[in-house]
Structure formats: C-alpha cells, structure tokens
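Student: Quick one, structure for this:
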Amino acid sequence: MSGKEAEGFGLTDAERRRLMRLDSAKLNLLPPAPKARWFRFVEVELGNRTDEYPGGDRVQTCEVWYPPDRGAGIPPEAIKRIFDQLEAGPAAGRRYSRTSNTAKEREAWRLLQTHCPNLTKFQAQDELKRWLKAGFLVEQKYTDPVTRKLRSGLSVVSLPL
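Tutor: Numbering: from 1, shown residues only. Sure, this is the predicted structure:
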C-alpha cells in the first residue's frame, strides 16, 4: 500500500507494509473493477509445539482486509454545519471548490477538516467525492465576483442525512 493510501485510511507505516492490493497487470484490457481487493499478511502458528521444540512453527499467509469506511466518522450535526457553509460559500457570491491550486480559502476539503480535525486531507477529499457521486453536491460554473472569471464551485443539492 502506498503512503498516500495509508494516510487516507489513517494507518501507520508498520500497518501499511503488511497490506497489498490485488489488481490485474493489464487493467486496460478488463472492465473496471468495482472495488480494489486488499490483503493483509498475517502470521499463523501451526500448533506443533513440543517439549523438544517449544517455539513451534509459524508461517506467513494472507487474509482479506477490508478498508475502514472513510465516511463513518463525521457526526450528523457536523455534516449539517459543513453543508450550510458549503451553500453559503467562503464569501458573498463565491463558491467552495473541490480542488483549487490558487485559492486555498476556497478548498472545500479544508472546511471538512475545520469541523472534523481528525480527518486527513485524503479522507476529506474522498468524502467530498462520495458526496458528489451520491448527488448531494454538484459542481457548477459561476462567475467569481473577485476575479471576474468563470470558475467551478460546489452547490448543495440535499443533505446526506
């Protein structure tokens, strides 16, 4: 597992090193998989301890590992406050952005971290993607009153509660 993926799941480096993802080597030849399959290396004791061999034997194998639900940690009252602020925007006439390389005050993932400081950047961005995919938020073009340029911004459709 990459460091970025581990950060998104809130895993330590030691935990990350025990996890692997199973994918086809030629993903462009197959239809897209619905979800990645993850496996964790585990040590299994064989139970063959004796008086002469007190340590017994251990072997390494893999077990299926399921990533934690990234959205499970945001309380409903925090979600309501986040959506209220997303709808209001960072300033009059401005919208929060899913990603912004120039205006950090418009980055919506930072808003999630304000209300849920335990979320990493990766987790907050992932939650925004889930809300967009589920249709709770939409990304629309608008004219930014400060820059007078056409920008993409987030608008609330409904609450995910």
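
Student: check which helix or strand covers residue 55.
Tutor: For residue 55, there is no helix or strand it lies in under DSSP states H and E.

Student: Spit out the contact partners of it.
Tutor: Residues in contact with residue 55 (Cβ atoms under 8 Å, 6 or more residues apart in numbering) are residue 49. No exception for glycine: its C-beta is placed from N, CA and C like everyone else's.

Student: go again using 7 Å as the cut-off
Tutor: Listed by Cβ atoms under 7 Å, 6 or more residues apart in numbering, the contact set of residue 55 is empty.

Student: Let me know the pLDDT of it.
Tutor: Here, the pLDDT recorded for residue 55 equals 89.

Student: now do residue 64
Tutor: 88.

Student: need the next SSE after the one helix or strand it maps to, C-terminal direction.
Tutor: Assigned by DSSP H and E, residue 64 belongs to strand 58-65. Under the assignment DSSP H and E, the closest C-terminal helix or strand after strand 58-65 is helix 76-88.

Student: and that next one, how far out from the chain's middle?
Tutor: 19 Å (Cα atoms, centre = their mean, to the nearest Å).

Student: mean confidence score for that helix?
Tutor: 90.

Student: Tell me the buried residues in the helix or strand that it is followed by?
Tutor: Scanning forward in sequence from helix 76-88 by DSSP H and E, the next helix or strand is helix 108-115. Residues of helix 108-115 classed as buried by neighbour count (16 or more other Cβ atoms under 10 Å): 108, 109, 111, 112, 115.

Student: The closest residue to residue 97 other than its chain neighbours and residue 7, how far apart?
Tutor: Distances taken as Cβ to Cβ, 6 or more residues apart in numbering put residue 106 closest to residue 97, at 4.5 Å, once the chain neighbours are dropped. Separation of residue 106 from residue 7 (Cβ to Cβ, to the nearest Å): 23 Å.

Student: okay, those two: which has more neighbours?
Tutor: Using other Cβ atoms under 10 Å as the criterion, residue 106 and residue 7 rank with residue 106 on top: 23 against 15.

Student: Could you chop this structure up by domain?
Tutor: 3-65, 76-156 (automatic domain parsing).

Student: Can you tell me which of those domains is most buried?
Tutor: Across these, averaging neighbours per residue (mean count of other Cβ atoms under 10 Å) puts domain 76-156 on top, at a mean of 16.

Student: Now do the helix or strand hosting residue 15, average pLDDT.
Tutor: For residue 15, the host element (DSSP H and E) is helix 13-16. Regarding helix 13-16, the rounded mean pLDDT is 90.
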